[in-house]
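*Asks:* Build me a model from this:
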Amino acid sequence: MAGGDLEEDSPCPLTDTVINYCISNVSTFCDVDSDGKPVRIRDDAYLPSIICDRMVSTLSKQGAANDDMVRVFCDPSKTKLQRVNLSQSPITNESIHNLSNHKLVELDVSNCALLTEDCLRDILTQKNLQVLNISGCSRVLQKYGFPLFDFPLQKLRSLNIGFIELSATQLHLLLQHLPRLTSVDLSKVIKNGDLACLNIVKDTLKSLVIHDCVLVAASLEYVYQLSALRHLDISVNDQEKLPLTNEILKQMVKSLPCLSSLDISGNTMVYDDDEEDQPDSGFRPKKGKHSDKKQRKVERMQVDKSFGDRKDEDDTETSPINEHGVRSSLEGLRGLTAPLQFLGLLGMEECELEYLPAVRVTGLANEEQILNVIDVYHQRRDFLLKGLNAYFDLLRVIECFKPVWATKVILVAMKRYPKDNQVQISGSASLYHLTRGLYKKHMSIHLKQQIIIVLLTAIENITESVTLLRNCGLTLFNFSIPGDFQFQFERVVKNLVKLALTEDRDGLLQRIYVHMCNSIVCHVEGDQKKLVGKLGIVRCMLQLISDRLEKEVCDEVLETAWSTLWNVTDETSENCEMFLDGNGMNYFLQCRSTFQENPELLRNMMGLIGNVAEVQRLRPQLLAHADVFVDLLSDRSDGIEVSYNAAGTLSHILSDGPEAWTIDRPTRGEVLLAIIKAIDSWTMDTKRNINYRSFEPILRLLPVYHTPEVQYWAVWALANLCTVLPNKYCNLLEKEGGLDRLKAMRDNPRTSEEVKRLIKVTLDLAIGKKMRDVLDV
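*Replies:* Prediction:
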């Protein structure tokens, strides 16, 4: 897959960026109460329709629109609303009443489940309304006609009342008041095939959606009379399929000369026996079963990288081109005077045909058709799910060429169904593939952030689905940690902490999220490292360690938990204190005793103890375990790492002076001798499994002249690190003023000869590195 074959993503428009910022910081345009909730539009602000409409729509899409928020936008002296989209919002009749302060042109309150029949009177006061969508609002029209008969919206041009229970009488009465309608959506409303209610709008109607309605062949006779119709949708999902024939399609084309969009998804094409011999470049479905030829075609497409509309090698015949230049493998559409702008064939074998006379087609035959399904049917959950599942299957076997488009339409789907487990699982599974490799390189920062937000929302909304939590975790792991998460850092950490404690059957979930916790703490410093401690990472890791001790299991999660604690306590005294307060030393002793055969675990634990030892106020708590650290001086299970960290821990404790050594055994003198013995057993060029971001904790030990053994360990550490990794550590030593400190120590008569020898080694390495750098320049 060449990079040039993939479409590039564009940055977020500036207007959207500003609106999103204002919504996230409502004090920019609102007066707020003590809790930060908006009360009213600020006196110095005015929001025109072009901004106000988009703000309300964005709030709705983000799930943040409610009665309180709508009330803020309903002061006509400060705001102007014309096109209001509150679809799927938890608003009540109160919001509809407050909106009556504005002269609305469009109102979309589809799938607002809390609206009742009492809001209808307020809706009907909107005399300027041209577009009304109350689809899925099951109670709004419940009492229409009983006794309310009037529907005085004379300017209304588009009406969507899909998925609402209405009697034939109610529907007839309603449409009688709206003779100027150009668009009507009656999805799942028609139950008896009777479309006589459309007679009143037969001369004006340009768009008719009767998706999932009970239709019969006679129903189409009413459709044929809609001579101005441009868009017709007779698709079905869970209703009985309408048997379509080429003759029916021919009649549609003939009767509807303006037709540019046709959706017959889910229906069945029925072919007469004598049609089997007619020339056609595509397959010929036969009695509802796949022909062998079609099956071979599907098998080839599963491994064909082009996976698009192409001619089969065994398709030798061609469909005729009509006098208007339209070519169609579907005989019933050969009378078109121009290609359709849209043709819906989802769930129909005809989507596999060679020549489909449409600019845009929905089906499952190739990548573009599938993405059209996800894009077009985001309001039809079952259709959408078919597209999502098909695209995931596609991603696993071929290289796709529309990753940015795919990502965007999948995000729209996941945002629309935030609590639908199947939609979220299928969408997140595809996002996992789309955020890897070359696909990810074509995504803007904004698109990456949208993916992260959608995944976090899925994690927060659906906590019981292990499959979804896995998908989200694996997908998040594809991003740059923590760089890509900075814009939602706290939210990310809170979710990781929660999920790291979530168990599943094979433990994959915990492994994913514990590794992500470790990755985050490895890459943050200062205040952010303190923050992750406050957000619960230290407590989370201690809980995981406690669980493993209870089960007596030493696994990847346990090792990573200790590694995370090692990283999160690095030069962060607050987190070190959290470790001790959380019974950390007891867990340390238990793990050492229980899992004696795991050197990596012991190394991680001692790295953490070394960090705690750098905090002076915490060292008295470590002194009580000095005998354990002395014992570990002779440990060689993981090279010198455990011994080195044990000596470092003891050196920091000893640096507080003889008066701070308040235990009887071991004696201070015994410990000093043991440290010297351990250091003398180490080899200077030993490779290290440690990463110092700063030498300051070591440099603080250089002036400890009252205990030369402490200086010995500190200088040996610097010499060793500069020996094995001179490029990194010689520069770090100079940057932090270590060279000057070593020179001052070298010239001090109190410094022992052995320490001076190590100082010379270190200075020679650092100065030599510096000279080489100068010569290279």
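*Asks:* drop to CA atoms for contacts and neighbour counts, all remaining ones
*Replies:* Will do.
*Asks:* residues in contact with residue 578?
*Replies:* 533, 538-539 (C-alpha atoms under 8 Å, 6 or more residues apart in numbering).
*Asks:* out of these, which are buried?
*Replies:* Buried subset of the contacts of residue 578 (neighbour count, 16 or more other C-alpha atoms under 10 Å): 533, 538-539.
*Asks:* And the contacts of the longest helix along the chain?
*Replies:* Ranked by residue count and defined by DSSP state H, the top helix of the chain is helix 753-776. With contact meaning C-alpha under 8 Å, 6+ apart, helix 753-776 is reached by 711-712, 715-716, 718-719, 722-723, 726-727, 730-731, 733-734, 739, 742-743, 745-746.
*Asks:* Show me which positions of that helix end up buried.
*Replies:* Applying a neighbour-count criterion of 16+ other C-alpha under 10 Å, one finds 755-756, 758-759, 761-763, 765-766, 769-770 buried in helix 753-776.
*Asks:* Okay, strands next: where are they in the chain?
*Replies:* For the chain, the strands defined by DSSP state E cover 30-32, 38-41, 83-85, 106-108, 131-133, 158-160, 183-185, 207-209, 231-233, 243-244, 261-263, 268-269, 340-344, 358-362.
*Asks:* on that earlier part again, so which of the contacts of residue 578 sit within helices?
*Replies:* Those of the contacts of residue 578 lying in helices (DSSP H): 533, 538-539.
*Asks:* which residues touch residue 602?
*Replies:* Listed by C-alpha under 8 Å, 6+ apart, the contact set of residue 602 reads 592, 642.
*Asks:* Could you report the separation of it from residue 714?
*Replies:* Computed with C-alpha to C-alpha, to the nearest Å, the distance linking residue 602 and residue 714 is 22 Å.
*Asks:* Same check on residue 436?
*Replies:* 44 Å.
*Asks:* Mind checking the pLDDT average for stretch 727-741?
*Replies:* For stretch 727-741, mean pLDDT is 93.
*Asks:* actually stretch 604-617, sorry about that
*Replies:* 96.
*Asks:* got the buried residues for that stretch?
*Replies:* Along stretch 604-617, these residues count as buried under the neighbour rule (16+ other C-alpha under 10 Å): 604-615.
*Asks:* mind putting those residues in JSON lines, distance to residue 698 included?
*Replies:* Converted to JSON lines, the buried residues of stretch 604-617 look like this (distance: C-alpha to C-alpha, whole Å):
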{"residue": "604", "distance to residue 698": "19"}
{"residue": "605", "distance to residue 698": "19"}
{"residue": "606", "distance to residue 698": "16"}
{"residue": "607", "distance to residue 698": "14"}
{"residue": "608", "distance to residue 698": "15"}
{"residue": "609", "distance to residue 698": "15"}
{"residue": "610", "distance to residue 698": "11"}
{"residue": "611", "distance to residue 698": "11"}
{"residue": "612", "distance to residue 698": "13"}
{"residue": "613", "distance to residue 698": "11"}
{"residue": "614", "distance to residue 698": "9"}
{"residue": "615", "distance to residue 698": "12"}
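*Asks:* From those residues, pick the one nearest residue 238.
*Replies:* Proximity of the buried residues of stretch 604-617 to residue 238 (C-alpha to C-alpha) peaks at residue 604, which lies at 57.8 Å.
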